[in-house]
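> I would like the atomic coordinates for the input below:
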Amino acid sequence: LLSMSCVFQMDTTQESYLDLFPLDAIVYLTPDSENVLEDIDPNKVYVLGGLVDESIHKKLTLRRAEEQSLQTARLPIREYMVKTANNRNYHSETLAINQVFDVLLTYYETRSWPAALRAGVSSGKGYVLPDTVEE
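Residues are numbered from 1 along each chain as shown. Predicted coordinates for the structure are as follows:
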């Protein structure tokens, strides 16, 4: 859910983000980055990837960002969440664009990574917040 207090304006263009923003202002979000996103910088532009099949395209977004000499970061899922037992033994930090957006929006509003991750990371990803683990 988007907060009613937030208003977003969106413009579309055929231009590349590489042509619209300075390279040092762009942060490419990828689950394969070694850099953890600790805070949202309002002076940065965050690129949310758009891959659907994570098994075939391992590290594609990281390689793309590196080829473009961009900073990378990943959401702090490993830092705030724990793997949960599930019958498929499935654990994934790859999220859909809307889930990443929900995490970023909730973090921006609350300044709480646990609240943000609760809002955007479904239990189907195999990760939960420690306070929700059933003993």
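> Sketch out the helices for this protein, chain order is fine.
Secondary structure of the chain (DSSP state H): helices at 17-20, 60-67, 77-80, 97-110, 113-120.
> what does the first one contact?
I take that to be helix 17-20. Applying Cβ atoms under 8 Å, 6 or more residues apart in numbering, the contact partners of helix 17-20 are 13, 26, 45, 47, 68. C-betas here are computed from N, CA, C, even on glycine.
> okay, now the third one: neighbour count?
When you say that, I think you mean V45. Using other Cβ atoms under 10 Å, V45 has 14 other residues around it.
> so it makes contact with F21?
Yes: between V45 and F21 there is a contact under Cβ atoms under 8 Å: 4.8 Å.
> Give me the residue ranges of this structure where confidence is low.
1-10, 50-57, 133-135 (pLDDT under 70).
> Next, name the residue at the spatial heart of it.
Geometric centre of the chain, nearest residue: V100, 4.1 Å, by Cα atoms, centre = their mean.
> Does it touch I77 like I think?
No: the pair V100 / I77 is not scored as a contact, 10.8 Å apart, by Cβ under 8 Å.
> list residues touching both of the two?
In contact with both V100 and I77: no residue, using Cβ under 8 Å, 6+ apart.
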